[in-house]
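[1] Fold the following for me, if possible:
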Amino acid sequence: MNFRLDFDSTISSAKNVDAGCSFDPKPTENKKRKKKNKGKNKQEEDKEFKEVKYEEEAKKESVMEKKTEKEAKEIEDGATTDDMSLPAAKKPHLSQPEKSETPKAEFSGKKEVEQEPTRNENHELAKEEVKSKNWSEPQEVTTVEDSKSLVNRLCENPPDHISVCCVGENLGTESSKIRMIVISCHPESYVYHLKDETRGLVKDGLLEKLLLDKTITKVYHDIGPVSASLIHEYDILMDGIPIWDISILFGKICLSQMDTDELGVSNKGPFKKWTKQNEDYGKAVSSSYDPDIVGMLYERGKLISDLYRACIKKTDEIVWKTVKKEVFQAAIPSNETFLAEKVKQLKLEKKEKKQAEKPQAAAPQQSQQQQKQQGKSSKGKQGKGRKK
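    Residues are numbered from 1 along each chain as shown. As a prediction, the model looks like this:
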């Protein structure tokens, strides 16, 4: 009996212990508190993790920013025109930084780098195409033989175009005297100093032939008075000759700011200044050779050539016809000028010369046809003789 009672009491005590462990309210609150604390710790850990990640991304972005600034500085310091493609090649690398919550204003250096290659993207003329380089020093043509050699060489191998700078006294009037003509054909320039004793270079030295050649485009400035003086002094009528006036052409074409800056001209161009200089330069070189004036005309000739190339690439068919018409109207004096009778006479002589050249050109063809007919007739006679 004692054993059984002891056993029962043991069982009952064990039940009481189990019951106390499973239903005691105090341990349950502790568990809830622990769970609550665990939640708070997790949020704090997440917050700390985000802050660490944010700092890492900020560091990466600062490194990237320094790198772009360094590349931009290298491009500004040492890049040539051929290196313009460098920023575009590095653009994919620069445009893929890791996403972050930091302001994008910090990447101002990136935009500067991306804007470098806009010249090629906008189909603008490349830098080396806008302004020509490697010009030779101007050469003075003083003898008839040298002039003939130069003109024949240019006419046999015609360049795309030449620029013609004329200065003189009272250009465009009955008392005009052209004192200097500078012919610029990249990379060479030739100076004709037309003093009273060397004016024969135009006719005897075949300069007239070069100015009237139909295979070479001539680009003048202020062609009206220049053409009038050439007609009055040398009977050079530029009717039907490929000619341009750079001031008229430039006024019809809108070059980009990039091109005008590269050539060093304003939107209006230097043409009014050149017109005023023509008279002053003409008087200065009327008796003596002035190297300073020659140098200025040499630079003018180069600029005319570069402006022509830049403008002609942007000229469509409508503008081309409009400018051509305006240039020829300026180059051929009207009937109201003192040159009206002379222009008519020169046109008549030109027409007669063409007609005189036609029979000469047709004569060899006629002789060839006669030979062919004679050959056929002789063959026919031989054939008849054989049949008999």
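[2] Hmm, residue 237 is touching residue 343, no?
    Yes: counting by CB atoms under 8 Å, residue 237 does reach residue 343; the two are 6.6 Å apart. C-beta: built from backbone N, CA, C; applies to glycine.
[3] Find residues that contact each of the two.
    231, 332 (CB atoms under 8 Å, 6 or more residues apart in numbering).
[4] Out of those two, name the residue with the larger neighbour count.
    Using other CB atoms under 10 Å as the criterion, residue 237 and residue 343 rank with residue 237 on top: 22 against 18.
[5] Please identify the helix or strand for the more buried one.
    Assessed by DSSP states H and E, residue 237 sits outside every helix and strand.
[6] and what of residue 151?
    helix 144-156.
[7] Any buried residues in that helix, and which?
    144, 147-148, 150-151, 154 (16 or more other CB atoms under 10 Å).
[8] May I have the strands that pair with the next helix or strand after it, each with its orientation?
    For helix 144-156, the following helix or strand on the C-terminal side (DSSP H and E) is strand 161-169. Paired strands of strand 161-169, with direction, are strand 177-185 (antiparallel), strand 217-220 (parallel) (DSSP bridges).
[9] and those as TSV, adding mean neighbour count, mean pLDDT and distance to residue 169?
    As requested, the strands paired with strand 161-169 are exported to TSV (neighbours: other CB atoms under 10 Å; pLDDT from 0 to 100; distance: least, CB to CB, whole Å):
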stretch	mean neighbour count	mean pLDDT	distance to residue 169
strand 177-185	23	97	5
strand 217-220	22	97	18
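[10] before we move on, back to that, for the helix holding residue 151, packing partners?
    Judged by 3 or more CB pairs under 8 Å, 6 or more residues apart in numbering; DSSP states H and E, the packing partners of helix 144-156 are helix 207-211.
[11] Do you have the strands of this structure handy? List them.
    Here the chain has its strands, by DSSP state E, at 139-140, 161-169, 177-185, 188-193, 217-220, 243-245.
[12] Export those strands as CSV, with columns for distance to residue 353.
    Formatted as CSV, these follow (distance: least, CB to CB, whole Å):
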stretch, distance to residue 353
strand 139-140, 32
strand 161-169, 23
strand 177-185, 24
strand 188-193, 25
strand 217-220, 21
strand 243-245, 20
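[13] Could you point out which of these sits nearest residue 233?
    strand 177-185 (6.2 Å; CB to CB).
[14] With the flanking residues excluded, which residue is spatially nearest to residue 307?
    residue 246 (5.5 Å; CB to CB, 6 or more residues apart in numbering).
[15] Contacts only, for the one you found.
    Contacts of residue 246 by CB under 8 Å, 6+ apart are 163, 219-221, 271, 304, 307-308, 311.
[16] Check the residues you listed against residue 335 and report the nearest one.
    Of those, the one sitting nearest to residue 335 (CB to CB) turns out to be residue 220, at 22.4 Å.
[17] Residue 176: which of the buried residues of helix 144-156 is nearest?
    Of the buried residues of helix 144-156, the one sitting nearest to residue 176 (CB to CB) turns out to be residue 147, at 21.6 Å.
[18] isn't the closest one right up against residue 206?
    Yes: between residue 147 and residue 206 a contact is recorded at 6.2 Å, counting by CB under 8 Å.
[19] and residue 322, how far is that from residue 304?
    Counting by CB to CB, to the nearest Å, the gap from residue 322 to residue 304 is 20 Å.
[20] Which of these two has more residues huddled nearby?
    residue 304 (26 against 14).
[21] quick one, what contacts residue 347?
    237, 239.
[22] Kindly report the same for residue 301.
    Residue 301 neighbours (CB under 8 Å, 6+ apart): 163, 165, 182-184, 189.
[23] re the thing from before, for residue 254, which of the strands paired with strand 161-169 is the nearest?
    Per CB to CB, nearest to residue 254 of these: strand 217-220, 18.9 Å.
[24] Check what contacts that closest one and list those residues.
    By CB under 8 Å, 6+ apart, strand 217-220 touches 160-164, 166, 211, 226-227, 238, 241-246, 304-305, 308.
[25] Dump that strand to PDB, restricted to CA.
    Only the C-alpha atoms of strand 217-220 are listed here, as PDB (Å, rounded to 0.1, in the frame of the first residue of the first chain):
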ATOM      1  CA  THR A 217      35.800  76.600-111.900                       C
ATOM      2  CA  LYS A 218      36.900  80.100-110.900                       C
ATOM      3  CA  VAL A 219      35.800  81.600-107.600                       C
ATOM      4  CA  TYR A 220      36.000  85.400-107.400                       C
END
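[26] hmm, back to that, any idea which of the buried residues of helix 144-156 is the one closest to residue 282?
    The closest of those, once distances to residue 282 are taken by CB to CB, is residue 147, at 20.6 Å.
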